[in-house]
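> Below are the sequence and a predicted model for it; my questions follow.
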2 protein chains.
Amino acid sequence: MKVIETAAGMKRARRQESGSVGLVPTMGYLHKGHLSLVSRARQENDRVVVSVFVNPTQFGPSEDFVRYPRDTERDLAMLAREEVDVVFMPPVEEVYPNGFNTSVEVGEVTERLEGACRPGHFRGVATVVNKLFNIVQPNRAYFGQKDAQQAIVIKRMVTDLDMNVEVVVMPTMREEDGLAMSSRNVYLNGEERHAALVLSRSLQQASDLHKRGERSAEGVRRAMTALIEAEKLAEIDYVSVADASTLAELDTIAGPALVSIAVRIGKTRLIDNTILGTD
Amino acid sequence: MKVIETAAGMKRARRQESGSVGLVPTMGYLHKGHLSLVSRARQENDRVVVSVFVNPTQFGPSEDFVRYPRDTERDLAMLAREEVDVVFMPPVEEVYPNGFNTSVEVGEVTERLEGACRPGHFRGVATVVNKLFNIVQPNRAYFGQKDAQQAIVIKRMVTDLDMNVEVVVMPTMREEDGLAMSSRNVYLNGEERHAALVLSRSLQQASDLHKRGERSAEGVRRAMTALIEAEKLAEIDYVSVADASTLAELDTIAGPALVSIAVRIGKTRLIDNTILGTD
């Protein structure tokens, strides 16, 4: 497994490969969710590249960039076991050298949900992913459904800019009790870890209501909100039932709907989602 | 010579080529300036692609998008004579289909000169060139020094987004009397055509002053302004003496300086430029 820290080095390594390349972009502190992406990339491509880069431009000034969990040694050991070919792990100044001054902006779908709560977040995401695609030139790139809006934004960018990569979105991986896997779960203390179950439980409730015939989006939002508010440690950022492609909030659930939530458990902000109406 | 109208068709044609590809992006209504780019591309690459696309997003609402000169038959005949391999000529709805919602924005260097006079112009340019680069995947792309700021913006974008293309900038081609070649010259009537010489004359004056030892940027601007204002049909948009890489206006001409002007001759807005201090 090669570890490469420069864009030029990564491009050089890429030019030496003639087969297909799968890229898994990550911010490190890997968990089974990431590994499921790696495993799929392994199945579908001749070579697998995993990028590990905590991207400062997608964090707001009051967010957790500095304390975001990092453990390079552990990440590299996990990726070596998965038979990853290349880990691209650039320092910040390699990605954003002096004079850097370009951004990629996706409109509309970025204005809602995470985009509304975290101004500039998706500009940071789109720009860094655009760069990673140009540096690694993958045939396929793998993202988790856990960051549902991110996947939509990246697909929009790839379509709109005619980028030569197929975006593959893989299901959210969960702990046995339902908590969506996230590098940020490490922030939770014991009590908060328990309280955090309210996220997946509220999504389960949405699915149950939908199965029982509930088609009022507001009905679903209200039930979920009540359930989450009953948890004292939880504070809601948003509870959304939206069109799964435009992310516009729905009145009536007719086609596929993305139910997504952002909830603070203590100081830790967690997100989760599920899709209704595809079964 | 193949003429291709879809992005998918262009990508397919590109995949069939293993040699190097040179791209000359144009808005059509070709002149010798464009042909000098094609000729250089011909020398340096196995295959030459010329795109012909009048990009609506780089025109302001009160600008000349609708009346911008077009002559596809003549363009194709000229390109066939130059032994161009592929002409990529997409309709507007192929480049910007329903739902299109992504833009590429270069900061700072776009805020001055043309960017200040034409808000959104360089966002349109950067976005469409980004798309063309992804569709054609050229090894090299050719632009004219006539649009000096555009060349700087595109180089910045390519560097910042790690795009895999070399940007080649070729000297401005001029009519025998000095007028910089431009598709927009066709707008000029006889009297205006004569008045338009004030642009190249003012740049010549700047070069002469610099050769004689003038190092005050304001001295150069004043002399040029006086010369242009003496022409009754001319109305100045800007006269700039700026750092050739940052485009910041200079006090003293020490390193390479870009002297650039935008002048309206009647209803026609013309630009031209020269570089001082590289000889």
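Now that the structure is in, tell me what you want to look at. Owing to the predicted nature of the structure, the values given are computational and were not obtained by experimental measurement.

> For the rest of this, base every contact and every neighbour count on C-alpha atoms.
Fine.

> Residue A:240 falls within a strand, correct?
Yes. Remark: residue A:240 belongs to a strand, assigned using DSSP: H, G, I helix; E, B strand; the rest coil.

> That one contacts residue A:260, correct?
Yes. Shown here, residue A:240 and residue A:260 form a contact pair, counting by C-alpha atoms under 8 Å, at 5.2 Å.

> Which stretches in the stretch 51-200 of chain A count as strands?
For the stretch 51-200 of chain A, the strands defined by DSSP state E, counting those that start in this stretch cover A:86-88, A:102-106, A:140-144, A:166-170.

> what's residue A:165 sitting at in phi/psi?
Main-chain dihedrals, residue A:165, degrees, to the nearest 10: phi -150, psi 140.

> Domain-wise, how is chain A divided?
Split into domains by automatic domain parsing, chain A comes to A:2-170, A:183-273.

> and chain B, which of the ones you listed is closest to it?
domain A:2-170 (4.3 Å; C-alpha to the nearest C-alpha).

> hmm, that closest one in reach of chain B?
Yes. Shown here: domain A:2-170 in contact with chain B (C-alpha under 8 Å from any C-alpha of the partner chain) through A:7, A:96, A:100-108, A:127, A:130-131, A:134-135, A:156-157, A:160-164.

> Mind checking which of those are buried?
Buried subset of the residues of domain A:2-170 next to chain B (neighbour count, 16 or more other C-alpha atoms under 10 Å in any protein chain shown): A:7, A:96, A:100-107, A:127, A:130-131, A:134-135, A:156-157, A:160-164.

> what bridges to residue A:51?
Counting by DSSP bridges, residue A:51 forms beta bridges with residue A:25, residue A:88.

> Now for it: which residues touch it?
A:23-27, A:87-89 (C-alpha atoms under 8 Å, 6 or more residues apart in numbering or on different chains).

> Show the model's pLDDT score for it.
The model reports residue A:51 with a pLDDT of 98.

> try residue A:211
With respect to pLDDT, residue A:211 scores 96.

> What's the local residue count around it?
Residues contacting residue A:211 under the criterion other C-alpha atoms under 10 Å in any protein chain shown number 13.

> and the gap between it and residue A:277?
9 Å (C-alpha to C-alpha, to the nearest Å).

> can you redo the domains of chain A as a markdown table with distance to residue B:48?
A markdown table is the format used below for the domains of chain A (distance: least, C-alpha to C-alpha, whole Å):
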| stretch | distance to residue B:48 |
| --- | --- |
| domain A:2-170 | 20 |
| domain A:183-273 | 39 |
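
> Please identify which of these is closest to residue B:43.
Closest of the domains of chain A to residue B:43 is domain A:2-170, at 24.0 Å (criterion: C-alpha to C-alpha).

> mind listing the helices for the stretch 101-250 of chain A?
A:113-117, A:121-136, A:148-160, A:190-195, A:197-211, A:217-229 (DSSP state H, counting those that start in this stretch).

> now those as TSV including distance to residue A:266?
Below are the helices of the stretch 101-250 of chain A laid out as TSV (distance: least, C-alpha to C-alpha, whole Å):
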stretch	distance to residue A:266
helix A:113-117	17
helix A:121-136	22
helix A:148-160	23
helix A:190-195	7
helix A:197-211	13
helix A:217-229	13
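
> what's the closest of those to residue B:265?
Among the helices of the stretch 101-250 of chain A, helix A:148-160 comes nearest to residue B:265, with 37.3 Å by C-alpha to C-alpha.

> Extract the CA atoms of that closest one and return them as PDB.
Output in PDB follows, covering the C-alpha atoms of helix A:148-160 (Å, rounded to 0.1, in the frame of the first residue of the first chain):
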ATOM      1  CA  ALA A 148     -27.500  12.100   2.000                       C
ATOM      2  CA  GLN A 149     -27.400  15.800   1.000                       C
ATOM      3  CA  GLN A 150     -23.700  15.600   0.300                       C
ATOM      4  CA  ALA A 151     -24.300  12.700  -2.100                       C
ATOM      5  CA  ILE A 152     -27.000  14.700  -3.900                       C
ATOM      6  CA  VAL A 153     -24.700  17.800  -4.100                       C
ATOM      7  CA  ILE A 154     -21.800  15.700  -5.500                       C
ATOM      8  CA  LYS A 155     -24.000  14.000  -8.100                       C
ATOM      9  CA  ARG A 156     -25.300  17.400  -9.200                       C
ATOM     10  CA  MET A 157     -21.700  18.700  -9.500                       C
ATOM     11  CA  VAL A 158     -20.600  15.700 -11.500                       C
ATOM     12  CA  THR A 159     -23.500  16.000 -13.900                       C
ATOM     13  CA  ASP A 160     -23.400  19.700 -14.300                       C
END
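
> And the contacts of that helix?
Helix A:148-160 is contacted by residues A:106, A:109-110, A:114, A:122, A:125-126, A:129, A:143-145, A:163-165, A:167, A:169, A:245, A:273, B:96, B:100-102, B:131 when judged by C-alpha under 8 Å, 6+ apart.

> Run the chain-centre distance for that helix.
Distance of helix A:148-160 from the chain centroid (C-alpha atoms, centre = their mean, to the nearest Å) equals 11 Å.

> isn't residue A:82 right next to residue A:36, touching?
No. Using C-alpha under 8 Å, residue A:82 is not in contact with residue A:36; the gap is 10.0 Å.

> more neighbours, those two?
Set residue A:82 next to residue A:36 and count neighbours by other C-alpha under 10 Å: residue A:36 wins out with 18 against 15.

> That one falls within a helix, correct?
Yes. Applying three-state DSSP, one finds residue A:36 inside a helix.

> what's near enough to touch it?
Contacts of residue A:36 by C-alpha under 8 Å, 6+ apart are residue A:170.

> For chain A, give me the ranges with low pLDDT.
Where chain A drops to pLDDT under 70, the residues are A:278-279.

> show me what contacts the residue minimising distance to the centre of it?
Nearest to the centroid of the C-alpha atoms of chain A, with distances taken as C-alpha atoms, centre = their mean, sits residue A:147, at 3.2 Å. Residues in contact with residue A:147 (C-alpha under 8 Å, 6+ apart) are A:271-272.

> From residue A:85, how far out is it?
25 Å.

> Can you dump the C-alpha atoms of stretch A:74-81 in PDB for me?
C-alpha atoms of stretch A:74-81 as PDB (Å, rounded to 0.1, in the frame of the first residue of the first chain):
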ATOM      1  CA  ARG A  74      -5.000   3.300  13.000                       C
ATOM      2  CA  ASP A  75      -6.500   4.400   9.600                       C
ATOM      3  CA  LEU A  76      -3.500   3.100   7.700                       C
ATOM      4  CA  ALA A  77      -3.600  -0.200   9.500                       C
ATOM      5  CA  MET A  78      -7.300  -0.600   8.700                       C
ATOM      6  CA  LEU A  79      -6.800   0.300   5.000                       C
ATOM      7  CA  ALA A  80      -3.800  -2.000   4.600                       C
ATOM      8  CA  ARG A  81      -6.000  -4.900   5.900                       C
END
